[in-house]
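[1] Predicted model follows, preceded by the sequence.
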Amino acid sequence: MTRPDGTDGKLEDVRLAPMELNEQEARELEEKFDSEMRFRKLSPATAWLVGSALVTLSLFHYYTAGFGLLHEMVHRGIHLSFVLALVFLVFPFWKSGYDRPAKSTLLTPLGIPFYDWILAIAAVVAVAHVPLIPLDELAFRVGNPTRTDVALGLTLIVVLLEATRRSVGWPLPIIALLFMAYALFGPWMPSILVHPGNTVAQLVDHLYLTTQGIYGIALGVVATYVFHFVLFGVFATRIGLGQLFLDCAAWVAGRYAGGPAKVSIFGSALFGMISGSSVANTVTVGSLTIPAMIRLGYRRPFAAAVEAASSTGGQITPPIMGAAAFLMIEFLELPYTTIILAAIVPAFMHFFGVLMQVHFEAKRSGLRGMRPDEMPDLSAALKRDWPTIIPLIALIGVLLAGYTPYLAAFWGITLCIAVGLLNPRRRMTFLEVFEGLRDGAKYALAVGAAAATVGIVVGVVTLTGVGFKVSYIVTSTAAEMASFVGAILPVDWFAPTTLTLLFTLLMTGVVCILMGCGIPTTANYIIMVTIAAPSLVMLGVEPIVAHFFVFYYGVLADITPPVALAAYAAAGMAGADPFKTGNLAFRLGLGKVLVPFVFVFSPSLLLVTKDFTWSSFILAFGGCAFGILCLSAALSRFMLVPTKAWENFLLVVAAVLMIAPEGYSTAIGVLLVLPVLVRQFTAFRTSSP
């Protein structure tokens, strides 16, 4: 079998050899495609100052995770003051500032412009003001702020928006400004959006002095849960757990058709358990799998897209799931174990969808699996790296025992450091421990600023009640669309309530994807939970199901052009066209588009819903898996043999029918697939020697 480029793929060595990237180059590549990780060039003195501050922030969170959190306002205040001050020290005002050499002058002390020092100091003063107010006095100040409160509150809002603009871009600050304008100019809003309006002092009071705004749930979750698990992921990777996962993935999947691509899927799923970051997952796993896929015969854009689509699953894979799992704990007031249990099946369906398309592509192109001599020795890998699994087992064990997530992260981090310092086969130095603490805090800067800015949006929603108004607009529009479509259908195929819910889901999903193109996944999730999820709950969707729906669609932005960060990172590593890679990655991730509709109409798929039964779960699981299989075959234009146009049409229609809750729609879907299967088996038997 020849490869598409005319060479013999069987003679090519597809051993999982890494790219010629050292750790520093991999970090630079990650920073190139993830603006949240890209720092300005610092002078040695400033780098030492910033590094020390980052390590101090990590040590603060490590200590409080193990020995008790401070009062929420104090804890969040310390976290935010460090984050904002560091943002102004490491993120320049303009993008051109990233490449300028750090020169110390009167206007740039220690290589940083004087106005950035002023902004950093102003941020610390403004943030620290509220935690320093005695709690009993603060209770009386809410609703009656002093002039100092208003002045410092305005200062914090300004510096927060600027810090967010520098670290994550323009869209989120613009959204926050629009919401604040809505709060101030309520009487002049159109139609149902009218409200009495608020003064500047009232708005600042709500956003600054209460836990409904900047110091709200979003910042609290980042400061108490997310930070600790990100730090754990950094250390788990450094001690070699990621490499062990990749070796295990190669042993499980490498031998089958298109081996390196399937290793990419399994490896990204395992690595995503500890990273929770799409771009970090792409860079780390892709450095091994992308070259092997290209050598085997996959086209460069497709190889990059496979890694990007697989790595995006890191944000939906328990136990870390980016920050979403911890936010759900606070919003839904459910145990952490409930959240990660609910995430298992949807995450499996995402990787299953990517796996099926990769498999069909490999079969269509005649690509082989890895030979025994190309696969890693699993027994040697386990013998070498078995201590690295201890921290993860301990972390999961503490969680399942019912303790707090941050205590579990504390013991996970502690054991990572212990294993790193004591493991003779892969021993960390104290300098590497220092770098791990530094890098863990580095990941927290952009998400910390974004979370605080999202607090502004949430604060305006609670102050004005706009969330319920938006929900009414969405549901009423969906009802009108359902009435129009229902009148066109020749028979009552679907109940009006089902059509209304379907159109509400479609509108919500589109908005989630569009919002995700401009703001981080965590911020997108919080905003959509505040604005869009109530409309789903109004239609009878369980809160946990509504939260998972908006979260899954927000994550799609990482592989949706034009802001597909994971796809662009993979394209840079593969030497492929970024936009083509993004389109292919979105195609590979279409299973993730289908799955949320399935668990809305069949909530048993999440395992923890109120009406869960094993019979409904089995039906939902089977229908979802079969639907994803049909969709994957249609998109790949291959099943057992290449598919024809009419087969692809029937497969797509059948896949869509699988998401409907009515039994007859599933039966129709199965009937539509039968002629396709008959034609495929007949053609396959005819073509077989």
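    On my side now, so go ahead. Because the structure is a prediction, the values reported are computed rather than measured.

[2] can you give me the helices in the stretch 451-600 of the chain?
    Taking DSSP state H, counting those that start in this stretch as the criterion, the stretch 451-600 of the chain carries its helices at 466-488, 496-516, 521-531, 533-538, 543-555, 565-574, 578-588, 590-601.

[3] Mean neighbour count, the ones you listed: which tops it?
    helix 565-574 (a mean of 29; mean count of other Cβ atoms under 10 Å). Quick note: C-beta positions are derived from backbone N, CA and C, even for glycine.

[4] that older thread, so which of the helices of the stretch 451-600 of the chain is nearest Pro109?
    Of all the helices of the stretch 451-600 of the chain, the one in closest proximity to Pro109, counting by Cβ to Cβ, is helix 521-531 (32.3 Å).

[5] Work out the gap between that closest one and the centre of the chain.
    12 Å (Cα atoms, centre = their mean, to the nearest Å).

[6] Can you say which of the helices of the stretch 451-600 of the chain is nearest to Gly366?
    helix 578-588 (19.5 Å).

[7] Check which helices and strands the closest one sits against.
    Using 3 or more Cβ pairs under 8 Å, 6 or more residues apart in numbering; DSSP states H and E, the elements in contact with helix 578-588 are helix 300-312, helix 336-365, helix 565-574.

[8] residues making contact with the last one?
    Yep, that's helix 565-574 we're talking about. 19, 29-30, 32-34, 278-279, 281-283, 286-287, 290, 294, 300-301, 303-305, 307-308, 311-312, 558-559, 561, 576-578, 580-582, 585-586 (Cβ atoms under 8 Å, 6 or more residues apart in numbering).

[9] Go ahead and build a ChimeraX selection from the buried members of these.
    To isolate the buried ones among the contacts of helix 565-574 in ChimeraX, judged by 16 or more other Cβ atoms under 10 Å, type:
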select :19,29,30,33,34,278,279,281,282,283,286,287,290,294,300,301,303,304,305,307,308,311,312,558,559,561,576,578,580,581,582,585,586
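
[10] Dump the helices of the stretch 451-600 of the chain to TSV, plus mean pLDDT and distance to Gly77.
    Below are those laid out as TSV (pLDDT from 0 to 100; distance: least, Cβ to Cβ, whole Å):
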stretch	mean pLDDT	distance to Gly77
helix 466-488	84	27
helix 496-516	83	28
helix 521-531	83	20
helix 533-538	88	29
helix 543-555	88	28
helix 565-574	81	31
helix 578-588	86	40
helix 590-601	84	36
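
[11] of all those, which lies closest to Ala343?
    Going by Cβ to Cβ, the one of the helices of the stretch 451-600 of the chain nearest Ala343 is helix 543-555, 7.5 Å.

[12] Give the other helices and strands that that closest one contacts.
    Partner elements for helix 543-555 (3+ Cβ pairs under 8 Å, 6+ apart): helix 324-332, helix 336-365, helix 496-516, helix 521-531, helix 533-538, helix 590-601.

[13] How far does the second one sit from its chain's centre?
    Relative to the centre of its chain, helix 336-365 is centred 15 Å away, using Cα atoms, centre = their mean.

[14] and the angle for it with helix 300-312?
    Interaxial angle, helix 336-365 versus helix 300-312 (axes from the mean of the first three to the mean of the last three Cα atoms, to 10 degrees): 160 degrees.

[15] In helix 336-365, which residues are buried?
    336-340, 342-343, 345-365.

[16] I'd like the next helix or strand past it.
    helix 378-385 (DSSP states H and E).

[17] Not counting its own residues, what contacts that following helix?
    Residues beyond helix 378-385 that count as contacts (Cβ under 8 Å, 6+ apart) turn out to be 240-241, 243-244, 247-248, 251, 425-426.

[18] If we use 10 Å, what do you get?
    Residues outside helix 378-385 that contact it (Cβ atoms under 10 Å, 6 or more residues apart in numbering): 239-248, 250-252, 377, 389, 419, 423, 425-426.

[19] do the same with stretch 617-627
    Contacts of stretch 617-627 (Cβ under 10 Å, 6+ apart): 345-346, 348-349, 352-353, 356, 591, 594-595, 597-599, 601-607, 609, 613, 651-652, 654-661, 663, 665-666, 669-670, 673.

[20] Distance of the closest residue to Asn524 other than its chain neighbours relative to Gln315?
    In this structure, Asn524 finds its nearest non-sequential neighbour in Gly554, 4.0 Å apart by Cβ to Cβ, 6 or more residues apart in numbering. Separation of Gly554 from Gln315 (Cβ to Cβ, to the nearest Å) stands at 9 Å.

[21] got any residues that touch both of the two?
    322, 324, 521-522, 525.

[22] Pick the one among those residues closest to Leu161.
    Using Cβ to Cβ, the shared contacts of Gly554 and Gln315 come closest to Leu161 at Thr522, 17.3 Å.

[23] give me the low-pLDDT residue ranges for the chain?
    1-37, 96-99, 101-102, 275-277, 322-323, 489-494, 517-518, 561-563, 660-663, 688-689 (pLDDT under 70).

[24] tell me the domain boundaries of it?
    Residue ranges for the domains of the chain, per automatic domain parsing: 34-210, 612-689.

[25] Provide the backbone phi and psi angles at Pro319.
    Dihedral angles of Pro319 (phi, psi; degrees, to the nearest 10) stand at phi -100, psi -10.

[26] residues in contact with it?
    Counting by Cβ under 10 Å, 6+ apart, the residues that Pro319 touches are 229, 232, 273-274, 276, 325, 336-337, 339-340, 343, 392, 395-396, 399, 405, 408-409, 412.
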